[in-house]
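In: Sharing a model prediction with you, sequence too.
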Amino acid sequence: MDESTADKFIEATHWPRTMAATALGFLALFLLVLTLSALKEWRFIGTGVPATNTITVSGEGEVFAVPDTATFSVTIQEEAKEVADAQEVATKKANDIMAYLKDEGVEEKDIKTTDYSVYPQYDYLQSDTCREGYCPPGRQALRGFQVSQTLTVKVRDTEKAGALLSGVGSRGASSVSGLSFTIDDEDALKAEARGEAIGDARAKAEALAKQLSVRLVRVVGFSENGYYPPVPYALGRGGDMAVMESKALAPEIPVGENKIVSNVSVTYEIR
């Protein structure tokens, strides 16, 4: 076999081997891709299935803060035979009260009318024509009309709350009620209380998992209930406490502290 013929033979036998090697390379790459895809799918198998082995713990967090806002309600009531007359007197008193509040630094946006109503007032008249033990039924007689207007006032300087209560009481208010102290922006405090509650729940879950000889895997449930207790204070005419007279001293009203509480319930998957 001459050299030219040998080269042709070698080339003819080398080509199938090259094709076979290339085919095996593609097959290996294909199998590698399938394997990686299967591994990725395996990671997510069962993730949508609810966990069956779980523990649920509760946690509580508390944050205390000094209130920076006071809110109270002022009601003006006037009665007259005609609606217009009652409205005129009530409006004058309401305007005087609002002017006083603004002079004391309360902004107009913090004074809001929350109720305005007009009601007829009746007297029940008993018949005076009773004869031989029989009295005809009485009747209602229109006496006039009562106009009532309620203002809700927000005070951003809590140290003025007592003086303002005395001031509106001396300017014709029929009742002053519903004084409460709040924190104007509670979001950060709520988040802090929630964080403490979650930490408390986590500590309880870790202790329980240790006692049960299991481990915590992940959180599979969460709920929160917050409780923000009010601080009531009330004044009123015709009730248990009378509206202060103009010469009365302004009451000293302790602001105290508001407690913001977060109660959470956390469910953990265990293994």
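Out: Sure, I can see it. Residues are numbered from 1 along each chain as shown.
In: got any ranges where the stretch 1-150 of the chain has weak pLDDT?
Out: Low-confidence segments of the stretch 1-150 of the chain (pLDDT under 70): 1-49, 51, 127, 133.
In: how about the helices of it, start to end?
Out: Using DSSP state H, counting those that start in this stretch, the helices of the stretch 1-150 of the chain run over 3-44, 83-103.
In: Sort out which residues of stretch 141-157 are buried, please.
Out: By 16 or more other C-beta atoms under 10 Å, the buried positions in stretch 141-157 come out as 144-151, 153-155. C-beta here means a position set from N, CA and C on the backbone, and glycine is covered the same way.
In: In a markdown table: these, plus distance to Tyr122.
Out: Shown next, in a markdown table, are the buried residues of stretch 141-157 (distance: C-beta to C-beta, whole Å):
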| residue | distance to Tyr122 |
| --- | --- |
| Gly144 | 9 |
| Phe145 | 11 |
| Gln146 | 11 |
| Val147 | 16 |
| Ser148 | 16 |
| Gln149 | 21 |
| Thr150 | 23 |
| Leu151 | 27 |
| Val153 | 32 |
| Lys154 | 37 |
| Val155 | 38 |
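In: so of those residues, which ones are in strands?
Out: The strands, defined by DSSP state E, take in 144-151, 153-155 from the buried residues of stretch 141-157.
In: tell me which of the residues you listed is nearest to Asn263?
Out: Using C-beta to C-beta, Lys154 comes nearest to Asn263 of these, at 28.5 Å.
In: Could you check how far the closest one is from Phe64?
Out: 22 Å (C-beta to C-beta, to the nearest Å).
In: Same check on Val255?
Out: Counting by C-beta to C-beta, the gap from Val255 to Phe64 is 12 Å.
In: quick one: which of the two has more around it?
Out: The neighbour comparison of Val255 against Phe64 (other C-beta atoms under 10 Å) goes to Val255, with 14 against 11.
In: per-residue confidence for the more buried one?
Out: pLDDT recorded at Val255 is 77.
In: so it sits in a helix?
Out: No - Val255: not assigned to a helix; according to DSSP: H, G, I helix; E, B strand; the rest coil it is coil.
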